[in-house]
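S.K.: just coords:
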């Protein structure tokens, strides 16, 4: 009986070993697949570096930097199109005016007076830009016939030698211009009612790289306050 029990016990142990051996290949295959899956998993992407801005910052205006305003602003191109407020912000003032659809006649006069380079290279100025409609009211023929120092003096009378936004104009009340014999400009009113020598602002606080531009409804005349 003892021998039979020993044989039976040995048989049971053998069966158990075989059973365990039969399970091990599956376990090994599963483990291999798991390792293969782990190795196939892509690594986490590296954190993206912050983009480098290439947009230049315009020279700040004195007065507080209030936004663009005026009824004619809506007639300008939108987005980043040439002549839009956004596009003008990336250009110097004469280049920005040349692309502005409200200022084609003024831009032609600037070129005729050879003032393009001096305006573009000025570090900080304020420009009161008569619209095309303002030039028509002044007289297109009269305007186009201006030459030499007369034209230069007229154009310089529309430029202040420092950069001011609308709030800066309100605070200043008056300012000399680049026209040495033209007298001062007088600023009256506030906000959308602000005037320059009596001229209304059609679109104001347009920032370019080196200037703040105010599109106005009149051609300013040296030696006159317009009020």
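M.R.: That came through, no problem. Remember, it's a predicted structure, so these values are computed and weren't measured experimentally.
S.K.: quick one: least confident helix or strand in the protein?
M.R.: Ranked by mean pLDDT, DSSP states H and E, the weakest helix or strand in the chain is helix 2-40, scoring a mean of 40.
S.K.: Which SSE is immediately downstream of that one?
M.R.: helix 85-88 (DSSP states H and E).
S.K.: so what does that following helix touch, helix or strand wise?
M.R.: helix 93-99, strand 199-207 (3 or more CB pairs under 8 Å, 6 or more residues apart in numbering; DSSP states H and E). No exception for glycine: its C-beta is placed from N, CA and C like everyone else's.
S.K.: now the protein, which segments are flagged as low pLDDT?
M.R.: 1-66, 225-227 (pLDDT under 70).
S.K.: Adding distance to residue 132, write the helices and strands packed on helix 85-88 out as TSV.
M.R.: Output for the helices and strands packed on helix 85-88, formatted as TSV (distance: least, CB to CB, whole Å):
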stretch	distance to residue 132
helix 93-99	12
strand 199-207	11
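S.K.: The ones you listed: which one's closest to residue 105?
M.R.: helix 93-99 (10.6 Å; CB to CB).
S.K.: hmm, who's touching that closest one?
M.R.: Contacts with helix 93-99, where a contact means CB atoms under 8 Å, 6 or more residues apart in numbering, come from 82-83, 87-89, 91, 103, 106-107, 110, 115-117, 119-120, 122, 125, 127, 129, 206, 208-211, 213.
S.K.: returning to that earlier point: of the helices and strands packed on helix 85-88, which is nearest residue 67?
M.R.: strand 199-207 (6.2 Å).
S.K.: And the next helix or strand past the closest one?
M.R.: Next along the chain after strand 199-207, with elements defined by DSSP H and E, is strand 211-216.
S.K.: isn't residue 84 right next to residue 73, touching?
M.R.: No: counting by CB atoms under 8 Å, residue 84 stays clear of residue 73, with 10.0 Å between them.
S.K.: picking up where we left off before, which entries within the contacts of helix 93-99 meet the buried criterion?
M.R.: 83, 87-89, 91, 103, 106-107, 110, 115-116, 119-120, 122, 125, 127, 129, 206, 208-211, 213 (16 or more other CB atoms under 10 Å).
S.K.: Can you report phi and psi for the closest residue to residue 86 other than its chain neighbours?
M.R.: Leaving aside its chain neighbours, residue 86 sits nearest to residue 80 (5.0 Å; criterion: CB to CB, 6 or more residues apart in numbering). With angles defined as degrees, to the nearest 10, residue 80 sits at phi -110, psi 20.
S.K.: Can you get me a residue count around residue 80?
M.R.: 11 (other CB atoms under 10 Å).
S.K.: pretty sure it is touching residue 89, no?
M.R.: No: under the contact definition of CB under 8 Å, residue 80 does not touch residue 89, with a separation of 9.7 Å.
S.K.: Three-state assignment for residue 150, please.
M.R.: Following DSSP: H, G, I helix; E, B strand; the rest coil, we place residue 150 in the helix state.
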